[in-house]
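Chemist: here is my input, please return the structure:
(one chain, ligands or ions: 1)
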Amino acid sequence: MKQDFLDYISETFEFSEAELQEFEAALSIPLKKTIRVNTNKISIADFQKRALENNWTLTETSLWKNMFYIDRDDTSVALWHTLEHISGYFYVQELAASSSPYYMTDDTVDEGEYTILDMSASPGGKTTQLAEYYPNSLIIANEIDKTRMRQLHENLDRLGAKNSFVTNYDGRFLKNFPETFDKILLDAPCSGEGTAYKSDDALKYWNLKNIKQVAKLQFQLLESAFIALKVWGELVYSTCTLNRIENEEIINKLTDKYWDFFNIISLSDNLDTPLIRAWPHKNKTGWFFVVKLRKNSSFEIEIDTEKLQTHTQGFEKISRKDKKQISGYLKKSFWLKLSGKFYVYRNEVYYTEKNIDFFWEHFFLFKTGIKIGKLENGTFEPNFFLWTNFWVFEKKSIEVDKESINRLLRWEEVAMNNSTSDGHYQVSHNSFLAGMARIKNGKMKSVLESRFMRK
Ligand SMILES: C[S@@+](CC[C@H](N)C(=O)[O-])C[C@H]1O[C@@H](n2cnc3c(N)ncnc32)[C@H](O)[C@@H]1O
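Modeler: Next up, the predicted model:
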């Protein structure tokens, strides 16, 4: 119950009556909408230019370089149906919830080649953030819940996280791969109290019994992550809750068991409180807790070797013939040379630049890199995202007016000058690329998948 929650907070954090009132009032204040510019696809300056053209007001958040408050006068088109969103130029993300990857990276792009695990990844807000800050790293995005996978896949494709791979394990299983990952994010499943700013229901069923139940799982996940972390690797643990049971107490339990094997890395200037807790009434953000640690030595653990079985994948490595066909098409039509690896699932073609031999052998993969198109009767059909993920090619591009762009996004045909030959084209408007479309018999149609279509 909400009152139990308020009593817990006020007792645990020794709130005065005035602060408690301020805190309670803040719970029902809607948060300002924030977005993260995906600098893997567009520079902040270019995005600001585009926003200006659309009459969107972007205001810096003063926390992270690529997080902005966004205000729009005209909201007739939902934010996620805008061309910029569909093209993966930004991700709608709550400010505090975006903070764990920033603390992992110190808000700096790291070109190193690491093996990273995002242990509980859906819908992929933080995985795509990691892909942005570690562009050359291999990222395993793991999610237990198959119903939440589709959104994860879509976000990875849309934002162009081409070195990410999806798995579907209970995170507790991953301890069977000790000292495998250089960096691990455990954005843990939690009691959900931090969603109170979205709905009153979040606190309706708040009780300590539920919280202790979730905390048990959180500790098991954290321990599994800690075992899977390499020596000198870094682990960030976060939740969108404020209570201590799901936060400090989880870290304390790890300390009790492994005190000799890790250090907490301070995230604040105050060394007595090296963690970060974002409060609704102080920070004007959602609630969030982050802590970061570094493993400093090895320890023995017993591995269930049966679990390390070799897997047969649903994906196939592409045949030489198909690879030649796709590479030839991309080179001839778009001057695009892709030198990474191609995989095929049914007739869909996936692409990545990472070598995944170890994971190919030991993990069952649900996604290998990003989807770039499909093979239909032996012919390669590029998808909408190809142009935003590899947008250096300009050979076949065509300039259209704004109305045509809107028609394309609604999946309507645009009549073309009959002399334009059939085939796939990059479409641009006012020198901004605006999608990939196919021209057939003088008519242009977007190749955007119908689920992204603007209603
Ligand atoms: C807080 S959400 C993650 C949000 C995500 N990091 C993002 O930023 O988009 C926690 C996720 O953990 C998943 N989860 C729950 N139990 C799990 C388990 N035992 N192993 C792995 N993932 C789990 C949930 O399905 C949920 O998608």
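Chemist: contacts and neighbour counts: CA atoms only from here.
Modeler: Fine.
Chemist: average model confidence for stretch 98-114?
Modeler: Across stretch 98-114, pLDDT averages out at 93.
Chemist: outside of it, which residues touch it?
Modeler: 64-65, 125-126, 129-130, 132-138, 181-183, 185, 187, 234-238, 267, 290, 292 (Cα atoms under 8 Å, 6 or more residues apart in numbering).
Chemist: dump the residue contacts of the nearest residue to Phe173 once chain neighbours are set aside.
Modeler: Spatial nearest neighbour of Phe173, chain neighbours left out: Ser224 (7.2 Å); criterion: Cα to Cα, 6 or more residues apart in numbering. Taking Cα under 8 Å, 6+ apart, we find Ser224 in contact with 171-175.
Chemist: format the residues you listed as JSON lines; extra columns: distance to the ligand.
Modeler: Formatted as JSON lines, the contacts of Ser224 follow (distance: Cα to the nearest ligand atom, whole Å):
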{"residue": "Gly171", "distance to the ligand": "4"}
{"residue": "Arg172", "distance to the ligand": "6"}
{"residue": "Phe173", "distance to the ligand": "8"}
{"residue": "Leu174", "distance to the ligand": "9"}
{"residue": "Lys175", "distance to the ligand": "12"}
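Chemist: out of the contacts of stretch 98-114, which are buried?
Modeler: The neighbour count (16 or more other Cα atoms under 10 Å) marks 125-126, 129-130, 132-138, 181-183, 185, 187, 234-238, 267, 290, 292 as buried among these.
Chemist: which residue does the stretch 251-400 of the chain bring closest to the ligand?
Modeler: Here the stretch 251-400 of the chain gets closest to the ligand at one residue, Phe288, 10.6 Å apart by Cα to the nearest ligand atom.
Chemist: so where's the chain shaky on pLDDT?
Modeler: Low-confidence segments of the chain (pLDDT under 70): 1, 195-199, 270-272, 391-395, 418, 455.
Chemist: which parts of it sit against the ligand?
Modeler: 119-126, 143-145, 170-171, 187-189 (Cα under 6 Å from any ligand atom).
Chemist: what do you get if the cut-off is 5 Å, keeping everything else the same?
Modeler: Residues of the chain found near the ligand (Cα under 5 Å from any ligand atom) are 120-126, 143-145, 170-171, 187, 189.
Chemist: which among those residues end up buried?
Modeler: Neighbour-count burial (16+ other Cα under 10 Å) is assigned, among the residues of the chain next to the ligand, to 120-126, 143-144, 171, 187, 189.
Chemist: between all of these, which two are at the greatest distance?
Modeler: The two members of those with the most space between them (Cα to Cα) are Gly125 and Gly171, at 18.0 Å.
Chemist: what's the closest of the residues of the chain next to the ligand to Lys367?
Modeler: Glu143 (11.8 Å).
Chemist: what sits against the closest one?
Modeler: Each residue near Glu143 by Cα under 8 Å, 6+ apart is listed here: 119-122, 149, 166-171.
Chemist: okay, buried residues for the helix or strand hosting Glu24 please.
Modeler: Counting by DSSP states H and E, the element that carries Glu24 is helix 17-27. For helix 17-27, the neighbour count (16+ other Cα under 10 Å) marks 20, 23, 26-27 as buried.
Chemist: got those as a markdown table, with distance to Ile44 columns?
Modeler: Converted to a markdown table, the buried residues of helix 17-27 look like this (distance: Cα to Cα, whole Å):
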| residue | distance to Ile44 |
| --- | --- |
| Leu20 | 39 |
| Phe23 | 34 |
| Ala26 | 31 |
| Leu27 | 32 |
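Chemist: and those, which is closest to the ligand?
Modeler: Checking the buried residues of helix 17-27 against the ligand with Cα to the nearest ligand atom, the nearest one is Leu27 at 19.2 Å.
Chemist: now do that closest one against Ala415, distance only.
Modeler: With distances taken as Cα to Cα, to the nearest Å, Leu27 is found 52 Å from Ala415.
Chemist: same thing with Arg148?
Modeler: Going from Arg148 to Ala415 by Cα to Cα gives 39 Å.
Chemist: name the SS class of Leu117, please.
Modeler: Applying DSSP: H, G, I helix; E, B strand; the rest coil to Leu117 yields a three-state assignment of strand.
Chemist: repeat for Ile326
Modeler: Ile326 ends up helix, using three-state DSSP.
Chemist: top strand in the protein by residue count?
Modeler: When the chain is parsed with DSSP state E, its longest strand is strand 229-239.
Chemist: just give me the neighbour total for Arg438.
Modeler: By other Cα atoms under 10 Å, the residues close to Arg438 number 19.
Chemist: break down the stretch 301-450 of the chain into its helices, ranges please.
Modeler: Taking DSSP state H, counting those that start in this stretch, the helices of the stretch 301-450 of the chain run over residues 320-334, 357-362, 386-389, 402-409.
Chemist: so which bits of the third one are buried?
Modeler: Neighbour-count burial for helix 386-389, with 16+ other Cα under 10 Å as criterion, is recorded at 386-389.
Chemist: so which elements touch that helix?
Modeler: Helix 386-389 makes packing contacts with strand 432-440 when contacts are defined by 3 or more Cα pairs under 8 Å, 6 or more residues apart in numbering; DSSP states H and E.
Chemist: that's all I had, so thanks and see you.
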